[in-house]
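Enquirer: Structure, please.
(chains A and B)
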Amino acid sequence: GDSVTQMEGPVTLSEEAFLTINCTYTATGYPSLFWYVQYPGEGLQLLLKATKADDKGSNKGFEATYRKETTSFHLEKGSVQVSDSAVYFCALSGRTGANNLFFGTGTRLTVIP
Amino acid sequence: DTAVSQTPKYLVTQMGNDKSIKCEQNLGHDTMYWYKQDSKKFLKIMFSYNNKELIINETVPNRFSPKSPDKAHLNLHINSLELGDSAVYFCASSQDGDRFGTQYFGPGTRLLVL
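Expert: This is a model prediction of the structure:
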């Protein structure tokens, strides 16, 4: 079945460091891929998405490229800030679209000044 | 303007009690969901409703009963609460026309069962 495997955390980085959070997926067909972010004490917010192979989603300096050949959707940011401290979730929507959204286990990022 | 709202934000109760959590979305979406997030942040879908009809019912105890009075509301009623029900419960919604599956989440309800 469809599933998402996400890099285990927690991840601690200094401000302005480069961030990569790995995400790989297993799916039949052509899923859409998402990164959601959960700031402390809040709900999940959509960070970015990509809907087909080679698409690049980007938002707030974060980027992720839909790689069908490696079934990956790694999240990257060139220079993290303290305000990026949050839990990041990789997710995919299955063949039936929004009704089946599969989440990874989440990666907690802490950015220290 | 709050897109997906949940009440209450915090809920502390005793084992054995019955409680409800309410969710409302003003996005005009057709599908609404309930997720449970455990202490390790793992997020698992519980229910999904489309236009007031149940379309996903994952393996959850039948003490949990969703109710959708209209497509803008999806409430979650929990009977005979147990310690293991302590978690954060998130409501979400999505639009049928969005075939890419974007879901919009509420702020969560933090349930603590003592």
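Enquirer: so where's chain A uncertain?
Expert: A:94-100 (pLDDT under 70).
Enquirer: What ranges does it have for its strands?
Expert: A:3-6, A:11-14, A:19-21, A:23-26, A:32-38, A:44-50, A:56-59, A:62-65, A:75-77, A:86-93, A:101-103, A:107-112 (DSSP state E).
Enquirer: Kindly reformat these as CSV and extend each row with distance to chain B.
Expert: Quick note: C-beta positions are derived from backbone N, CA and C, even for glycine. Listed next are the strands of chain A as CSV, based on distance: least, CB to the nearest CB, whole Å:
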stretch, distance to chain B
strand A:3-6, 11
strand A:11-14, 13
strand A:19-21, 14
strand A:23-26, 13
strand A:32-38, 4
strand A:44-50, 4
strand A:56-59, 11
strand A:62-65, 14
strand A:75-77, 16
strand A:86-93, 3
strand A:101-103, 5
strand A:107-112, 7
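Enquirer: Include mean neighbour count when you put those strands into TSV, please.
Expert: Below are those laid out as TSV (neighbours: other CB atoms under 10 Å in any protein chain shown):
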stretch	mean neighbour count
strand A:3-6	18
strand A:11-14	14
strand A:19-21	17
strand A:23-26	19
strand A:32-38	25
strand A:44-50	20
strand A:56-59	15
strand A:62-65	20
strand A:75-77	20
strand A:86-93	24
strand A:101-103	23
strand A:107-112	17
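Enquirer: how about the ones you listed in TSV, adding distance to residue B:58?
Expert: Output for the strands of chain A, formatted as TSV (distance: least, CB to CB, whole Å):
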stretch	distance to residue B:58
strand A:3-6	14
strand A:11-14	29
strand A:19-21	26
strand A:23-26	19
strand A:32-38	19
strand A:44-50	18
strand A:56-59	27
strand A:62-65	27
strand A:75-77	26
strand A:86-93	16
strand A:101-103	12
strand A:107-112	23
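Enquirer: quick one, which of these is nearest to residue B:24?
Expert: For residue B:24, the closest of the strands of chain A is strand A:44-50, at 17.3 Å, according to CB to CB.
Enquirer: Off-centre distance for the closest one?
Expert: On the basis of CA atoms, centre = their mean, to the nearest Å, strand A:44-50 is displaced by 8 Å from the centre of the chain it belongs to.
Enquirer: Can you name the residues of chain B that neighbour chain A?
Expert: Applying CB under 8 Å from any CB of the partner chain, we find that chain B lies next to chain A at B:4, B:31, B:33, B:40-45, B:48, B:50, B:55-56, B:90, B:92, B:94-96, B:98-108.
Enquirer: What subset of these is buried?
Expert: Buried by 16 or more other CB atoms under 10 Å in any protein chain shown: B:4, B:31, B:33, B:41, B:43, B:45, B:48, B:50, B:56, B:90, B:92, B:94-95, B:98, B:100-108, out of these.
Enquirer: Filter those residues down to just the ones in strands.
Expert: The strands, defined by DSSP E, take in B:4, B:31, B:33, B:43, B:45, B:48, B:50, B:56, B:90, B:92, B:94, B:104-105 from these.
Enquirer: relative to strand B:43-50, how tilted is the lowest-mean-pLDDT helix or strand in chain B?
Expert: Using mean pLDDT, DSSP states H and E, strand B:53-57 stands out as the lowest-scoring helix or strand of chain B, at a mean of 74. Angle, strand B:53-57 to strand B:43-50, by axes from the mean of the first three to the mean of the last three CA atoms, to 10 degrees: 160 degrees.
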